[in-house]
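*Asks:* Output the structure for:
(chains A and B)
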Amino acid sequence: MNSVIKGASYILAHTPEMVIHNGTTQTTERIVNPDGDYLKALPSHLRSYEDCVNYWPNQVYIGNATPDELAEVAFPYYDKTKEGASRYGKFGEIMPEEEFLILAQCCDVFEVLLLEKGFVAANKEKLAADPIITEDILARVQEGVELSEIEHFVNDEHAEGLYHAGQLVGCVKRAHDIDVNLSAEVMHENIMTKATSVLALLYAVKNAGISKDDVEYVIDCCEEACGDMNQRGGGNFAKAAAEIAGLKNATGSDARGFCAGPSHALVEAASLVKAGAFKCVLVTGGGCTAKLGMNGKNHVEAGMPALEDCLGGFCVVLMENDGVSPEINLDILGRHTVGTGAAPQNVIGSLVADPLERAGLTINDIDKYSPEMQNPDITKPAGAGDVPMANYKMIAALAVKKGWLDRKAIPTFAKEHGLTGFAPTQGHIPSGVPYIGFAREDILAGKIKKAMIIGKGSLFLGRMTNLFDGISFVIQANTAAEAQKEAGVSEEEVKGLIAKAMKEFAASLLAE
Amino acid sequence: MDLENQKRVKEFAEQYGPENVVVVVGAAEGEAAGLAAETVTAGDPTYAGPLTGVQLGLTVFHVCEPELKEEFDPEVYDEQVGMMEMVLDVDDIVEEMTAIRDEYCKYL
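*Replies:* Next up, the predicted model:
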């Protein structure tokens, strides 16, 4: 039987200082244009934690409002406040920077992340007050070091500084003197993605109502790489994060595919569960420091806040069919193949139209499509338009070409079958998966029957191939009852056949 | 425009001569198409890439502009671009591209 989606989590970590110090738009600018206006103006465009929490799309991401409710909010979103906004939502939370730095310290097992004593003392209890943070994680908090030691590592040993409210409060040291794969910059990036993944794992276990001991396998699908000079992408973020999250019975591995990574990982996880290899598999993805402030120049130029100030994370729990939860239907898989080509209509055709046609369905049979769910508040000022809307128009246009939809219906297709984008532009994070939490609820509530999750990835960025990539799958209402009914009938049939065979055998014996 | 793509455009212009290079863009928005066009004509407006301050003045078209469309086999065009043509705001793209070409293009 198909695996089921038992729960999902979505978390954010508000990290405005990392926008300045670790986002590649900013680190590049510091090299090519260090005295430019942008770097001077950026700090005044960073949001406070409260503004970040009150931001509509962030509240939708953690489950305190729905995409439908967001669609009713007048665009743009950045100048609006979500009434009743909260740090905690039904899918996860928005963790403030000072607490996140303490959590990051808990995720460092090689003593490369140092925090200043006073900073730890002032913020440890704040993290302890977070209900999701367990005693075993808190027990990992180190007391901290003198500021002078941190200054020494930052000034003389190539360490990456950790900042809060404009002050140096810690650092991530390099983990090797020569190996660039273990440089301070890479270690910083990897520890932060690990920490966001840990937070997502903790919420996923809670939201699914399972025990940590139930988890047998974890697949990490972020876009970072950990390893050393002899195995640059050796891995394994999945197991590293599972260790800190306390998933003692789990092993795991990393799956990669740029932004399509989560969809690939979910298809793999669903296959592992359906095959019976593992009963409970978690797919997790942490955030990406490099992408913080990616469109910051456009945001600053437009006089708006630099909205890419959060690391994102998500986790989906897949388990054996429980007869209730929505399933991943592995019979309807879309795949962008080597031969598909890069033209948009070939891409959408391979991911959306082809799998539906193979299953005898049309584009109208899917209630909701979840492609790249980037928040348009972030992408529109950068000239990239409304990404989900562009996807819906393409799906609708393809349906017109297939004769499934009237051309006049293109504008209404997005409203009926689409979603308003609400996810941070963290690459793999917005790619199809942000809707899975809502899809589970909408299917259980009978609001929709089928949703398609579409992951796409820009493989050419790695300069190994010019190919594009993508994979899609369908989530549907649970069919275990129907399947059992069918199985029940066939069991009776089998019994009948056996009885008939026995009779014939007996008759043949008598005849002899 | 991606820094690596800027580098490649610059290298092609040097290799073949700027008068022999036509840049075809496929951006989904008029603004994004205009930015790419500006980059290969007047220089990188973000001052980040290899084309910063380099006024190549290359001939540049969006694949949905009529001048370029008529260069294609109609069947191939429909197969490769037809769907996107239905979706894009072609008028806005033409307006943006024309403005950039009129101001910065050196070889038309």
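
*Asks:* Which strands and helices lie in contact with the helix or strand containing B:Glu96?
*Replies:* B:Glu96 belongs to helix B:90-104 when assigned by DSSP states H and E. Other helices and strands packing on helix B:90-104, by 3 or more CB pairs under 8 Å, 6 or more residues apart in numbering or on different chains; DSSP states H and E, are helix B:30-41, strand B:59-62. Just so you know, the C-beta spots here come from the backbone N, C-alpha and C atoms, and that holds for glycine as well.

*Asks:* got a pLDDT number for A:Ala501?
*Replies:* Looking at A:Ala501, its pLDDT reads 80.

*Asks:* Quick check: residues of chain B near chain A?
*Replies:* Contact residues (CB under 8 Å from any CB of the partner chain) of chain B with chain A: B:4, B:28-29, B:31-32, B:35, B:46-48, B:52, B:79-84, B:86-87.

*Asks:* ok, back up a step: would you turn the helices and strands packed on helix B:90-104 into TSV with distance to A:Leu272?
*Replies:* Listed next are the helices and strands packed on helix B:90-104 as TSV, based on distance: least, CB to CB, whole Å:
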stretch	distance to A:Leu272
helix B:30-41	40
strand B:59-62	45
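
*Asks:* mind putting the ones you listed in TSV, mean neighbour count included?
*Replies:* Below are the helices and strands packed on helix B:90-104 laid out as TSV (neighbours: other CB atoms under 10 Å in any protein chain shown):
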stretch	mean neighbour count
helix B:30-41	24
strand B:59-62	24
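
*Asks:* Export the ones you listed to a markdown table and append columns for mean pLDDT and distance to A:Pro76.
*Replies:* Shown next, in a markdown table, are those (pLDDT from 0 to 100; distance: least, CB to CB, whole Å):
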| stretch | mean pLDDT | distance to A:Pro76 |
| --- | --- | --- |
| helix B:30-41 | 94 | 16 |
| strand B:59-62 | 97 | 27 |
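
*Asks:* So which other helices or strands are in contact with the strand or helix carrying A:Met502?
*Replies:* Per DSSP H and E, A:Met502 falls inside helix A:480-511. Where contact means 3+ CB pairs under 8 Å, 6+ apart, helix A:480-511 is not packed against any helix or strand.

*Asks:* A:Asn55 is in contact with A:Val73, isn't it?
*Replies:* Quick fix: residue A:55 is Tyr, not Asn. No: with contact defined as CB atoms under 8 Å, A:Tyr55 does not reach A:Val73; the gap is 10.8 Å.

*Asks:* more crowded one of the two?
*Replies:* The neighbour count for A:Tyr55 versus A:Val73, taken as other CB atoms under 10 Å in any protein chain shown, is higher for A:Tyr55 (27 against 15).

*Asks:* residues contacting that one?
*Replies:* For A:Tyr55, the contacting residues are A:47, A:77-78, A:82, A:85, A:307, by CB atoms under 8 Å, 6 or more residues apart in numbering or on different chains.

*Asks:* can you name the two of these that are farthest apart?
*Replies:* Pairwise distances across those (CB to CB) peak at 15.5 Å, for the pair A:Ala85 and A:Leu307.

*Asks:* Those two: which is more packed in?
*Replies:* Each of A:Ala85 and A:Leu307 has its neighbours counted (other CB under 10 Å); A:Leu307 has more, 28 against 20.

*Asks:* For that one, which non-adjacent residue is spatially closest?
*Replies:* Excluding the flanking residues, the one nearest A:Leu307 by CB to CB, 6 or more residues apart in numbering or on different chains is A:Ile378, at 4.9 Å.

*Asks:* Mind listing what's buried along the one helix or strand that neighbour maps to?
*Replies:* Assigning secondary structure by DSSP H and E places A:Ile378 in helix A:376-379. By neighbour count on 16 or more other CB atoms under 10 Å in any protein chain shown, the buried set for helix A:376-379 is A:376-379.

*Asks:* Quickly name whichever of the residues you listed is closest to chain B.
*Replies:* A:Thr379 (9.6 Å; CB to the nearest CB).

*Asks:* That closest one - nearest residue in space that isn't next to it in sequence?
*Replies:* The shortest distance from A:Thr379 to any non-neighbouring residue, by CB to CB, 6+ apart, is to A:Val387 (5.5 Å).

*Asks:* Could you do A:Leu199 as well?
*Replies:* A:Leu199 sits nearest to A:Ile11 (CB to CB, 6+ apart), 4.8 Å away.

*Asks:* and the direction of the helix or strand encompassing the one you found versus that of helix A:480-511, what angle?
*Replies:* Assigning secondary structure by DSSP H and E places A:Ile11 in strand A:4-14. Put simply, strand A:4-14 runs at 150 degrees to helix A:480-511, going by axes from the mean of the first three to the mean of the last three CA atoms, to 10 degrees.

*Asks:* returning to that earlier point: roughly how far apart are the residue nearest to A:Leu307 and A:Ile453?
*Replies:* Distance from A:Ile378 to A:Ile453, counting by CB to CB, to the nearest Å: 21 Å.

*Asks:* Could you do A:Gly36 as well?
*Replies:* A:Gly36 is 40 Å from A:Ile453, where distance means CB to CB.

*Asks:* neighbour count winner among the two?
*Replies:* Neighbour comparison, A:Gly36 and A:Ile453: the larger count goes to A:Ile453, with 28 against 14 (by other CB under 10 Å).

*Asks:* and the more buried one, which of the three is it?
*Replies:* With DSSP: H, G, I helix; E, B strand; the rest coil as the basis, A:Ile453 sits in strand.

*Asks:* So in terms of bridging, what pairs with it?
*Replies:* Using DSSP bridges, the bridge partners assigned to A:Ile453 are A:Ser370, A:Phe473.

*Asks:* Next, the contact list for it, please.
*Replies:* Applying CB under 8 Å, 6+ apart, the residues near A:Ile453 are A:263, A:266, A:370, A:432-433, A:435-436, A:439, A:472-475.

*Asks:* what do you get for A:Lys456?
*Replies:* For A:Lys456, the contact set (CB under 8 Å, 6+ apart) comprises A:259-260, A:336, A:347, A:351, A:371-372, A:431, A:468-470.

*Asks:* buried stuff in stretch A:455-475?
*Replies:* Buried residues in stretch A:455-475 (16+ other CB under 10 Å): A:455-457, A:459-460, A:467-475.

*Asks:* now stretch A:173-183
*Replies:* A:173-175, A:181-183.

*Asks:* Reformat the residues you listed as a markdown table; add secondary structure.
*Replies:* Formatted as a markdown table, the buried residues of stretch A:173-183 follow (three-state DSSP):
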| residue | secondary structure |
| --- | --- |
| A:Lys173 | coil |
| A:Arg174 | coil |
| A:Ala175 | coil |
| A:Asn181 | helix |
| A:Leu182 | helix |
| A:Ser183 | coil |
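
*Asks:* Turn these into a markdown table, columns for distance to A:Val215 and pLDDT.
*Replies:* Below are the buried residues of stretch A:173-183 laid out as a markdown table (distance: CB to CB, whole Å; pLDDT from 0 to 100):
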| residue | distance to A:Val215 | pLDDT |
| --- | --- | --- |
| A:Lys173 | 32 | 98 |
| A:Arg174 | 33 | 97 |
| A:Ala175 | 28 | 97 |
| A:Asn181 | 29 | 97 |
| A:Leu182 | 29 | 97 |
| A:Ser183 | 32 | 97 |
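
*Asks:* Many thanks, have a good one.
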